[in-house]
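Participant: any chance you can model this:
(2 chains)
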Amino acid sequence: MKALVVDDSSVMRKVVTGGLARAGIEDVEQATNGEEAVEAVKAHDFGLVLLDWNMPVMTGIEALKEIRGNGYSMPIIMVTTEAEKARILEAIREGASNYIIKPFQPDEFVKKVKEVMAKASC
Amino acid sequence: MDVEIINPFVESVADIYQNMLGAQVKRRDPHITGNYIGPNRIVSLIGLSGAVTGSVAMSMPRVTAESIVGRLLGAVPDDSETLTDATCEVINMIVGGAKARFSSNGEADIKISLPTVIRGQDFKLSFPTKTRWLHIPFTSDLGDFDLRVTIESDTREAKKS
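Facilitator: This next block holds a predicted model:
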C-alpha cells in the first residue's frame, strides 16, 4: 500500500514518514504543497494521504476539496497545527477521515494511522 | 501589554517539548526587553493578525537547533537548510498552539503568517523603537532558546467582557 505525505516542511515530511514506517507503511511518496498532492493522487494509487493545512501554492484544505471533488475516496488524515474546533469540523465536512494536531506524540500518531487504516479496510 | 499574554505561548512550548520532542523544558523569568537580537543565533519570526495582532520571534544558538532536529529525525543534520526548516516548523507549532488557546471559545479569528528565518554570523535584528517585547528565556534538555512576544492589539470578545 502506497501513502502520500504532503507538507511544505522537509523535516515534518521525514517525521511523518518515520511514523508511517512504525505503523507498517514503508512505500511513501512526498509532495510539498496541495497542488503537487492533487497531481500525485491522479498519477498514483494511494491507499492513504497525510495532508498538512498551511502550505504555499495550494493549502491542504483546498487540496482535500479537490481530491474529494475528483472522486477519490482513500483515507485522508489532516496533520496540522490548525487546532481550533471550527477548522477540525471544516476538514471533516470536506472529507477528511481523521485529524492529527501538531505537535503529536509519536505513539499517538502511529495509533491513529492504524485506526484509520483498520476502519478503511472494513 | 498584559504579561499573561505569554501563557498560551509557554503552554504551547511545553506541549511541543513533552509530546513531540520527549524533552524537559523550563521557562525562566520573563522580562521586558529591548528591540535587538544579536548575531550567531538562528532567529525565526512569525506574525499574528486579526483578533490578536503582534509578532513572535524565537531565537536559539545553532547547537540547540541541531539538538531539536536530532531529536525529531534521529540524526543531527549536516546542512543549514534542514535547521532552517526545523526552526520554521517549531515556531509554527508554538504560535499555532498559542493561537488555538487564544481562540478557545471559538470566536476569535486569528491568522498567522508564514514564518521567516534569519541566520548568520554577523547580523543585528532591530524593530521599531516603540516596540516592547516580552522576552521569555527557556532552558531545556536540548539547549537554551528564547521567545520574544509583542502584542499590538487584542480584541477578543472574552477580553472585552
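Participant: switch to C-alpha atoms for all contacts and neighbour counts from now on
Facilitator: Noted.
Participant: so which residue is smack in the middle of chain B?
Facilitator: residue B:58 (4.1 Å; CA atoms, centre = their mean).
Participant: buried ones in the longest helix along chain A?
Facilitator: Within chain A, and with DSSP state H defining each element, the longest helix by residue count is helix A:106-120. Within helix A:106-120, the residues scored as buried using 16 or more other CA atoms under 10 Å in any protein chain shown are A:106, A:109, A:110, A:112, A:113, A:114, A:116, A:117.
Participant: and what of stretch B:48-61?
Facilitator: Buried residues in stretch B:48-61 (16+ other CA under 10 Å): B:48-49, B:51-61.
Participant: farthest pair in those?
Facilitator: B:51 and B:61 (32.2 Å; CA to CA).
Participant: count the residues that sit near the closest residue to chain A within chain B.
Facilitator: At 4.6 Å from chain A, residue B:19 is the closest residue in chain B, using CA to the nearest CA. For residue B:19, the count of nearby residues is 16 (other CA atoms under 10 Å in any protein chain shown).
Participant: and the pLDDT at residue A:18?
Facilitator: pLDDT recorded at residue A:18 is 95.
Participant: what's whichever strand or helix holds it packed up against?
Facilitator: Assigned by DSSP states H and E, residue A:18 falls within helix A:10-22. Packing partners of helix A:10-22 (3 or more CA pairs under 8 Å, 6 or more residues apart in numbering or on different chains; DSSP states H and E): strand A:2-6, helix A:106-120, helix B:62-73, helix B:80-102.
Participant: circling back: touching, the residue of chain B closest to chain A and residue A:105? I think so.
Facilitator: Yes. In terms of CA atoms under 8 Å, residue B:19 counts as a neighbour of residue A:105; the distance is 4.6 Å.
Participant: look up the closest residue to residue B:65, ignoring the ones flanking it.
Facilitator: Among residues not flanking residue B:65 along the chain, residue B:83 sits closest, at 6.1 Å (CA to CA, 6 or more residues apart in numbering or on different chains).
Participant: in contact with the one you found, which residues?
Facilitator: Residues near residue B:83 by CA atoms under 8 Å, 6 or more residues apart in numbering or on different chains: B:65, B:66, B:69, B:77.
Participant: now it: how far from residue B:18?
Facilitator: Residue B:83 sits 20 Å away from residue B:18, going by CA to CA, to the nearest Å.
Participant: now the residue in chain A positioned nearest to chain B, what are its backbone angles?
Facilitator: Of all residues in chain A, the one sitting closest to chain B is residue A:105 (4.6 Å; CA to the nearest CA). Note on residue A:105: its backbone torsions stand at phi -80, psi 130 [degrees, to the nearest 10].
Participant: what number of residues lie near it?
Facilitator: Neighbours of residue A:105 using other CA under 10 Å come to 18.
Participant: tell me which element residue B:59 falls in.
Facilitator: strand B:52-60.
Participant: neighbouring contacts of that strand?
Facilitator: Residues contacting strand B:52-60 (CA under 8 Å, 6+ apart): B:41-48, B:91, B:95, B:110, B:144-156.
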